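Engineer: Task: produce atomic coordinates for the following.
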Amino acid sequence: MKILNLGSMNVDNVYKVDEFLLPGETKLSQGLNLFCGGKGLNQSIAAARAGNEVWHAGLVGEDGGMLLDKLAENGVNTSLIRQVPGKGGHTVIQVNRQGQNCILLYGGTNRMLTREIIDDIFDTFGPEGAVLLQNEINLLPYVMETAHRRGLPIFFNAAPMDEQVHQCDLSLVDWLIVNEVEGQQLAGDCPEEDILPVLSQKYPGMSILLTLGSRGAACLHRGEKHTIGVCSVKPVDTTAAGDTFSGYFMYGVLKGLAIPDCLRLATAASALCVGRAGAADSVPLKAEVDQVLAQGTLEVPQAREEG
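Structural biologist: Model (predicted):
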């Protein structure tokens, strides 16, 4: 099944630091690298490297040539991307010596969509496939309504969390992907262990993937809950770990794999990702993931079913 990802594309300015800046503090960075990123672009590349047919859609600015090239290099169909006047999306990312990051995002052309452009994207994509969305574009409620009206299943990564997410009709979503902070915000600041049951009660029929960072992930699908831990690896850069997990998990779901196998595949992929620098460039190929699973070169935990 082909995937339409109407999502963000950013140029990431990544600064290596000992520790994150404090308010009022000025310090020299230990290095600067430019990478292609954005949750949309990262997830398109992850889904494509996993083996999906991916069509990316959206807007890039005059500085967006490297983003188009990066998507095309990874087998992503870029025919639905328009290059328009203006500054494209970009980020300022600090990565500390523990490999953790903090990110400042400027939306740029990612937030210049119109209803006419959105309608044209869906008309061109056609009536078959699945839709992957994140919250780094404008008019997200309209995009969801359009996808649902055309009968396309929706995978929605509710990040970054802001008021636009609350404006969306989440009952239209087939798969919701959140971390523990986003999940608590949508569920109503409940304890972490209640996120899945509360969201499931609010949105019956929705499947939910809850990522928990260094503690793994949990999934509720058709009334069954599965959990998985993480691989023991030394992180270099966690910027694209969640996007890699989402892209590979979606691949497994669309291929009809059992949920425990989807979780294990995504866990192995994200473990390889955090061992590399950058965003899109850190996403592993499916052959690499298959190799570590087959050879046991990474200790990938088994998913567990919970009552």
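Engineer: So which residue is dead centre in this structure?
Structural biologist: Most central in the chain under C-alpha atoms, centre = their mean is Asp243, positioned 3.3 Å from the mean C-alpha point.
Engineer: which residues does that residue contact?
Structural biologist: The contact partners of Asp243, taken as C-beta atoms under 8 Å, 6 or more residues apart in numbering, are Lys39, Asn42, Gln43, Ala46, Asn157, Ala279, Val283. All C-beta spots, glycine's among them, are computed from the backbone N, C-alpha and C.
Engineer: pretty sure the fifth one contacts Lys39?
Structural biologist: What that stands for is Asn157. Yes - counting by C-beta atoms under 8 Å, Asn157 does reach Lys39; the two are 6.6 Å apart.
Engineer: list residues touching both of the two?
Structural biologist: Gln134, Asp243.
Engineer: And the helices in the stretch 51-200 of the chain?
Structural biologist: Counting by DSSP state H, counting those that start in this stretch, the stretch 51-200 of the chain has helices at residues 65-73, 115-125, 140-149, 163-167, 180-187, 195-202.
Engineer: Could you count how many residues lie near Phe20?
Structural biologist: 12 (other C-beta atoms under 10 Å).
Engineer: ok, now Val233?
Structural biologist: Neighbours of Val233 (other C-beta under 10 Å): 15.
Engineer: Look up the residues forming beta bridges with the closest residue in space to His90 that isn't next to it in sequence.
Structural biologist: Leaving aside its sequence neighbours, His90 sits nearest to Val11 (C-beta to C-beta, 6 or more residues apart in numbering; 4.5 Å). With DSSP bridges as the criterion, Val11 is bridged to Cys36, His90.
Engineer: isn't Val11 right next to Gly88, touching?
Structural biologist: Yes - Val11 is within contact range of Gly88, at 6.7 Å (criterion: C-beta under 8 Å).
Engineer: the longest helix in the protein is where?
Structural biologist: The single longest helix within the chain, with elements called by DSSP state H, is helix 259-274.
Engineer: List the buried residues in whichever helix or strand comes after it.
Structural biologist: The helix or strand immediately downstream of helix 259-274 is helix 286-295, counting by DSSP states H and E. Buried residues in helix 286-295, defined by neighbour count with 16 or more other C-beta atoms under 10 Å: Lys286, Val289, Val292, Leu293.
Engineer: helices and strands around helix 286-295, which ones?
Structural biologist: Secondary-structure packing of helix 286-295 (3 or more C-beta pairs under 8 Å, 6 or more residues apart in numbering; DSSP states H and E): helix 39-50, helix 259-274.
Engineer: so who does Asn33 touch?
Structural biologist: Val14, Lys16, Ala277, Gly278.
Engineer: State the pair within the residues you listed that is farthest apart.
Structural biologist: The span of those, defined through C-beta to C-beta, is set by Lys16 and Gly278 at 11.6 Å.
Engineer: higher neighbour count, those two?
Structural biologist: Gly278 (22 against 16).
Engineer: what about the residue nearest to that one when sequence neighbours are not counted, how many residues close to it?
Structural biologist: Using C-beta to C-beta, 6+ apart and skipping residues adjacent in sequence, the residue nearest Gly278 is Phe35, 4.3 Å away. Residues near Phe35, counting by other C-beta under 10 Å, number 23.
Engineer: my guess is Phe35 contacts Tyr15, does it?
Structural biologist: No - using C-beta under 8 Å, Phe35 makes no contact with Tyr15, being 11.6 Å away.
Engineer: Okay, now the unreliable bits of the protein?
Structural biologist: 307 (pLDDT under 70).
Engineer: if I pick Pro23, what's in contact with it?
Structural biologist: Pro23 neighbours (C-beta under 8 Å, 6+ apart): none.
Engineer: Next up, phi/psi of it, please.
Structural biologist: phi -50, psi 130 (degrees, to the nearest 10).
Engineer: picking up where we left off before, just the helices and strands packed on helix 286-295: most buried one?
Structural biologist: Mean neighbours per residue, mean count of other C-beta atoms under 10 Å, is largest over the helices and strands packed on helix 286-295 for helix 39-50, with a mean of 30.
Engineer: From the contact counts, what lies against it?
Structural biologist: Using 3+ C-beta pairs under 8 Å, 6+ apart, helix 39-50 sits against strand 3-6, strand 54-60, helix 65-73, strand 130-134, helix 241-254, helix 259-274, helix 286-295.
Engineer: Contact partners for Asn144?
Structural biologist: If you look again at residue 144, you'll see it is Met, not Asn. Contacts of Met144 (C-beta under 8 Å, 6+ apart): Leu133, Ile154, Phe156, Cys168, Asp169, Leu172, Val173.
Engineer: Now do the contacts for the fifth one.
Structural biologist: Contacts of Asp169 were listed using C-beta under 8 Å, 6+ apart, and they are Pro141, Met144, Glu145.
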